[in-house]
Structures are given as structure tokens and as C-alpha cells.
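[1] Starting from these lines, generate the structure:
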Amino acid sequence: MGPLLPLLIKLAPGEKIVINGVVVENGGDHTTLRILNRAHILRAKDILTFEEAASPARRIYYALQCLYLFPDNQQQSLESARAFMDDFVKAAPSSGPLIAEIIDHLNHNDSYQMLKVAKKLMDYEKRIMDNVASP
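    Numbers count the residues shown, from 1 in each chain. Just a heads-up that it's a prediction; the model follows:
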């Protein structure tokens, strides 16, 4: 693996991010943060609250998000995520490739990519529900 390149994050006034479980809010003008080492980072727009985790795919994302941001509860988050994924793929077998991709990223400790695929799963779930709701 080559050298780690700095990650530049531009924040608008009042924008929040979570870095290794710590909520950081930009209290001033537009700013740029330079992250020089590995960190678990999520922007506020990518964070799902417990209350928002009201569907099966959202519960998967929430459990994976907790796994990513809060390593102290890693085992519990991992068990929840795996149970939610098992239930989801049983209910919607066509989701198998997305679930497999999430598990692959999980097994390779590629947490950020895992969350990106979990977002795709939420979109997939919405399409399924939209199809069920339309006559």
C-alpha cells in the first residue's frame, strides 16, 4: 500500500461531520480540514439517526454506520447488521448481490465502501416499495 494522501474536507458554516465518533461543527466561515491520517469520517448528510432507521435497509445502514463510527460497540453493531442483512435477503432475494457486496467490503475492512453500498440498498428498497405501492 502506498503513502496515505491527505483528505481535504470543505465545510460550510454550521456544517457538521463525525470524525472517529466525535461530532465536529464548523463554527465560522467556509473552512477546509486536512485529515493527515486514517480516520472514520461521515458528513452530517450521510448520517442516519436511530429514529430514521425505520425500514429494513435503513436498519442495516444504521448498524453499519455504528460499526464504522463507534468501534467500542463493534460486536453488537456487527451482530445487528448481519441479522438485518440475513432477514433482508430472505425477504428480497433479488437484493443478494448488494448484500454480498456489503459483506465483501465488511470482510475486507473497507468500511466507507460498505456504507456506500448500503446506501444503494436503501435506494433499492425504496424502488421495491414504490413498485408495491403503485397499482
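
[2] What residues does Leu7 make contact with?
    Each residue near Leu7 by C-beta atoms under 8 Å, 6 or more residues apart in numbering is listed here: 34-35, 41. Backbone N, C-alpha and C define where each C-beta goes, glycine included.

[3] Tell me the one of the residues you listed nearest Tyr112?
    Ile41 (8.2 Å; C-beta to C-beta).

[4] That closest one - nearest residue in space that isn't next to it in sequence?
    Excluding the flanking residues, the one nearest Ile41 by C-beta to C-beta, 6 or more residues apart in numbering is Ile19, at 5.2 Å.

[5] that older thread, just the buried ones out of the contacts of Leu7, please.
    Listed as buried from those are Ile41; burial here means 16 or more other C-beta atoms under 10 Å.

[6] Tabulate the contacts of Leu7 (TSV), appending secondary structure and distance to Gln75.
    Shown next, in TSV, are the contacts of Leu7 (DSSP: H, G, I helix; E, B strand; the rest coil; distance: C-beta to C-beta, whole Å):
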residue	secondary structure	distance to Gln75
Arg34	strand	33
Ile35	strand	27
Ile41	strand	22
